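Novice: Let me see the structure of the following:
(one chain, ligands or ions: 1)
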Amino acid sequence: MKAANEAKNKIVRENPRARIDVLELDLCSTNSVRSFADNFIALHLPLNILINNAGIMFCPFQLSQDGIEVQFATNHIGHFLLTNLLLDTMKNTVKATGIQGRVVNLSSIAHNYCYKKGIRFHKINDKQGYSEKRAYGQSKLANILHANELSRRLQAEGVNITVNSVHPGLIMTPLFRHSAALMSMFPDNH
Ligand SMILES: NC(=O)c1ccc[n+]([C@@H]2O[C@H](COP(=O)([O-])OP(=O)(O)OC[C@H]3O[C@@H](n4cnc5c(N)ncnc54)[C@H](OP(=O)(O)O)[C@@H]3O)[C@@H](O)[C@H]2O)c1
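Specialist: Okay, here's the model as predicted:
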């Protein structure tokens, strides 16, 4: 919240007319996602664009409060649930404004580096056989499948909301905190 409020203050300093509300959200916790969605909906704001951007990468094996492997929980489940909980608000906004809605999932080229058989649906939370890198790839593949299927469903329903996934390029950010080798390749960029 401290970082979010600092970002808010910076934007407002540069553009005093900007209106920004900061709300707490921990995507790794389904309780937090639900309470964020309740708080957002209670503001009665329109919702045109949802960018599912948050992510963690190459973490050692760990389970979330909900008992879900943390990369899958944060990168996929949190965003999947959030999108579902906010979808009616997005649909109502499209109806009220006539403006196309957009959902964007930040995925990664790393979706190619998944487990051999793709998503380990029956072993998502198993420590045995866990690979930090493949688990990240798995969560990013899930981001793409989520976008593709939601897009298909919304088109079938005739709803004017696009859903896409994107690989943003390779940029040295705190995302790489669990990868000392990659961090050392870009020592000045971080
Ligand atoms: N950077 C790259 O080269 C690259 C390449 C391909 C794909 N991507 C994807 O692009 C997206 C953004 O990555 P980035 O490089 O900008 O990473 P980043 O600088 O580390 O930003 C990730 C953001 O996600 C937030 N976050 C992490 N866990 C969260 C949680 N449980 N609940 C809420 N927020 C959480 C972080 O908040 P805190 O700062 O509070 O931890 C941070 O603000 C990710 O989805 C990543 O997989 C990045």
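
Novice: counting residues per helix, which one in this structure is longest?
Specialist: In the chain, ranked by residue count with DSSP state H as the criterion, the top helix is helix 132-157.

Novice: Pull out the buried residues from that helix.
Specialist: 134-147, 150-151, 154 (16 or more other C-beta atoms under 10 Å). No exception for glycine: its C-beta is placed from N, CA and C like everyone else's.

Novice: can you check stretch 162-174 too?
Specialist: Quick answer for stretch 162-174 (16+ other C-beta under 10 Å): 163, 165.

Novice: before we move on, back to that, and the following helix or strand past the longest helix of the chain, what does it pack against?
Specialist: Moving toward the C-terminus from helix 132-157, the first helix or strand encountered (DSSP states H and E) is strand 161-166. Under the contact criterion of 3 or more C-beta pairs under 8 Å, 6 or more residues apart in numbering; DSSP states H and E, strand 161-166 touches helix 78-97, strand 101-106, helix 132-157.

Novice: and whichever residue of the chain sits closest to the ligand, helix, strand or coil?
Specialist: Residue of the chain nearest the ligand, by C-beta to the nearest ligand atom: residue 55 (2.6 Å). Look at residue 55: counting by DSSP: H, G, I helix; E, B strand; the rest coil, its state is coil.

Novice: Next up, the contacts around the residue nearest to the spatial centre of the chain.
Specialist: For the chain, residue 52 is the residue whose C-alpha lies nearest the centre (C-alpha atoms, centre = their mean; 3.4 Å). Applying C-beta atoms under 8 Å, 6 or more residues apart in numbering to residue 52 gives the contacts 79, 82-83, 103-106, 143.

Novice: Within reach of the ligand, which of those are there?
Specialist: residue 106 (C-beta under 6 Å from any ligand atom).

Novice: TSV for the contacts of residue 52, including pLDDT?
Specialist: Shown next, in TSV, are the contacts of residue 52 (pLDDT from 0 to 100):
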residue	pLDDT
79	98
82	98
83	98
103	98
104	98
105	98
106	98
143	98
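
Novice: so what's the nearest residue to residue 103 once chain neighbours are set aside scoring on pLDDT?
Specialist: Counting by C-beta to C-beta, 6 or more residues apart in numbering, residue 163 is the residue found nearest to residue 103 once chain neighbours are left out, at 4.4 Å. With respect to pLDDT, residue 163 scores 98.

Novice: Do I have it right that residue 118 meets residue 142?
Specialist: No. Counting by C-beta atoms under 8 Å, residue 118 does not reach residue 142; the two are 9.7 Å apart.
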